[in-house]
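S.K.: Please find the sequence and the predicted model below.
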Amino acid sequence: MEGGGQVGPTSIRGHGQLSRLRSSSLEIREKGSEILREQLDAAKKELKLKDKECERLSQVRNQLEQELEELTASLFEEAHKMVRDANVKQAASEKQLKEAQGKIDVLQAEVTALKTLVLTSTPSSPNRQLHPQLQSSGTRGSYKSHIRNKSASGAFPLSPAKKEVSNQPVSKEDREMDSILFAEFLMWKERPSLDRSSAFLSRIYREDIGPCLSFTRSELSHLVQSAVENNSLTIEPVAMSAVPMVKASAIECGGPKKCALSGLSRLCKHRIKLGDKESYYYISPSSRARITAVCNFFTYIRYIQQGLVRHDAEQMFWEIMRLRREMNVAKLGFYLTDQG
């Protein structure tokens, strides 16, 4: 470049290269931005698909949990119904057995009386009690005739008595709801818990649970009640053929022929274990019935607390009243024995 401020060819060529570089840089930048936008859009679409899949899986999980809960509740109701039906059938069978045994006893008494009268009566010397209408000159034919008449007319005094018993009306149990008890139950049912401070459970502890689990050995009784409340008590049958091992705590734990709770000499077919303790305590059939009655009550109210009982409030109330009655009956010494 010479004087006068003129631009030479080399300078013009440099400016042109610089412009081309800037232009290509802008094109590269725009293409890069476009590629990034496309990748971003693809990532957004993929994220939406994953969100939809997560939502679908969450709905499937909720549906499965609901079905499992309904199935559990249905199984519990069915099992509870089966146990209740079995108890009703067992009670009916025992009642029929007692009635049949009574009829057998009546018939055996009649047969014994008939044998006594027949053995003391002969054709030549008939028994006057067996033949009150028979004259002293009676024959063998008249003797047989009077036997038939006496049997047909109900000569034995036991038959009319049996007929009167069978004609008595059969009583049917009825029930009437106590409004105070039902109100206490409804208040507890709003927020069910095992806290005994509620009026509902406080009454049951005072009137049913406490007396039912009150044994001669009070210290062990408290331990048993705590284990029942914590659902950590185990009852298992005892193999009567097994020879018990003699331990230092044999007196405390009772034995196959001494109940650890009552201290009475009874044949103990079951034993209990409290939580993680290693000791076993032998219990009599009556003590087992009392513990079992309380356990059945706690099992039912736990199911109510967990929402597994689908009955209405009145049905729940009457089931609890039935379980309370079982505790009172067991406390009074009544229990069912295993047949066979």
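M.R.: Good, I have the coordinates. Numbers count the residues shown, from 1 in each chain.
S.K.: other SSEs contacting whichever strand or helix holds Glu110?
M.R.: Per DSSP states H and E, Glu110 falls inside helix 9-119. With contacts taken as 3 or more Cβ pairs under 8 Å, 6 or more residues apart in numbering; DSSP states H and E, helix 9-119 sits against helix 158-166. Backbone N, C-alpha and C define where each C-beta goes, glycine included.
S.K.: what does the average pLDDT come to for the helix or strand just after the helix it packs on?
M.R.: Next helix or strand after helix 158-166 toward the C-terminus (DSSP H and E): helix 179-190. The average of the pLDDT scores along helix 179-190 is 96.
S.K.: got the contact list for the helix or strand that comes right after helix 179-190?
M.R.: Counting by DSSP H and E, the element after helix 179-190 in chain order, helix or strand, is helix 199-204. For helix 199-204, the surrounding residues in contact (Cβ atoms under 8 Å, 6 or more residues apart in numbering) are 181, 184-185, 187-188, 194-196, 297, 324.
S.K.: Report the helix or strand with the lowest average pLDDT across this protein.
M.R.: In the chain, no helix or strand scores lower on mean pLDDT, DSSP states H and E than helix 140-152, which sits at a mean of 40.
S.K.: mean confidence score for the helix holding Glu110?
M.R.: Averaged over helix 9-119, pLDDT sits at 84.
S.K.: what about that helix, distance to the chain center?
M.R.: Relative to the chain's own centre, helix 9-119 is displaced by 25 Å; criterion: Cα atoms, centre = their mean, to the nearest Å.
S.K.: before we move on, the earlier item: hmm, which of the contacts of helix 199-204 are the buried ones?
M.R.: Taking 16 or more other Cβ atoms under 10 Å as the criterion, what is buried in those is 181, 184-185, 188, 297, 324.
S.K.: Taking these, tell me the two that lie furthest apart.
M.R.: The distance between the two most remote of those (Cβ to Cβ) is 15.3 Å, for Glu184 and Phe297.
S.K.: Are there helices or strands packed against whichever strand or helix holds Glu236, and which ones?
M.R.: Taking DSSP H and E as the definition, Glu236 sits inside strand 233-237. In terms of contacts (3+ Cβ pairs under 8 Å, 6+ apart), strand 233-237 is packed against strand 270-274, helix 285-305.
S.K.: could you dump the ones you listed to JSON lines with distance to Glu236 and mean pLDDT?
M.R.: Putting the helices and strands packed on strand 233-237 into JSON lines (distance: least, Cβ to Cβ, whole Å; pLDDT from 0 to 100) gives the following:
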{"stretch": "strand 270-274", "distance to Glu236": "6", "mean pLDDT": "94"}
{"stretch": "helix 285-305", "distance to Glu236": "11", "mean pLDDT": "95"}
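S.K.: how much space between His15 and Arg22?
M.R.: His15 sits 11 Å away from Arg22, taking Cβ to Cβ, to the nearest Å as the criterion.
S.K.: Now do the strand holding Glu236: everything it contacts.
M.R.: 224, 227, 269-275, 283, 288, 291-292, 295.
S.K.: The residues you listed, buried ones only, as a PyMOL selection?
M.R.: Entered in PyMOL, the line below selects the buried ones among the contacts of strand 233-237, by 16+ other Cβ under 10 Å:
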select buried, resi 224+227+269+270+271+272+273+274+283+288+291+292
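S.K.: circling back to that earlier point, give me the sheet partners of the strand holding Glu236 and which way each runs.
M.R.: Pairing partners of strand 233-237, with direction, according to DSSP bridges: strand 270-274 (antiparallel).
S.K.: and the helix or strand just after the partner strand, what does it pack onto?
M.R.: Downstream of strand 270-274, the next assigned helix or strand under DSSP H and E is strand 280-283. Helices and strands touching strand 280-283, as assessed by 3+ Cβ pairs under 8 Å, 6+ apart, comprise helix 250-253, strand 270-274.
S.K.: which residues sit against stretch 60-73?
M.R.: Against stretch 60-73 from outside (Cβ under 8 Å, 6+ apart): 307-310.
S.K.: The same query, at a cut-off of 7 Å, please.
M.R.: The contact list for stretch 60-73 (Cβ atoms under 7 Å, 6 or more residues apart in numbering) reads 308, 310.
S.K.: where's Glu27 relative to Ser33, distance?
M.R.: Taking Cβ to Cβ, one finds Glu27 at 11 Å from Ser33.
S.K.: what's near enough to touch the nearest residue to Lys269 once chain neighbours are set aside?
M.R.: Closest residue in space to Lys269, ignoring its immediate chain neighbours: Val238 at 5.7 Å, by Cβ to Cβ, 6 or more residues apart in numbering. Listed by Cβ under 7 Å, 6+ apart, the contact partners of Val238 are 256, 268-271, 282.
S.K.: Could you dump the helices and strands packed on strand 233-237 into JSON lines with distance to Ser171 added?
M.R.: Shown next, in JSON lines, are the helices and strands packed on strand 233-237 (distance: least, Cβ to Cβ, whole Å):
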{"stretch": "strand 270-274", "distance to Ser171": "34"}
{"stretch": "helix 285-305", "distance to Ser171": "24"}
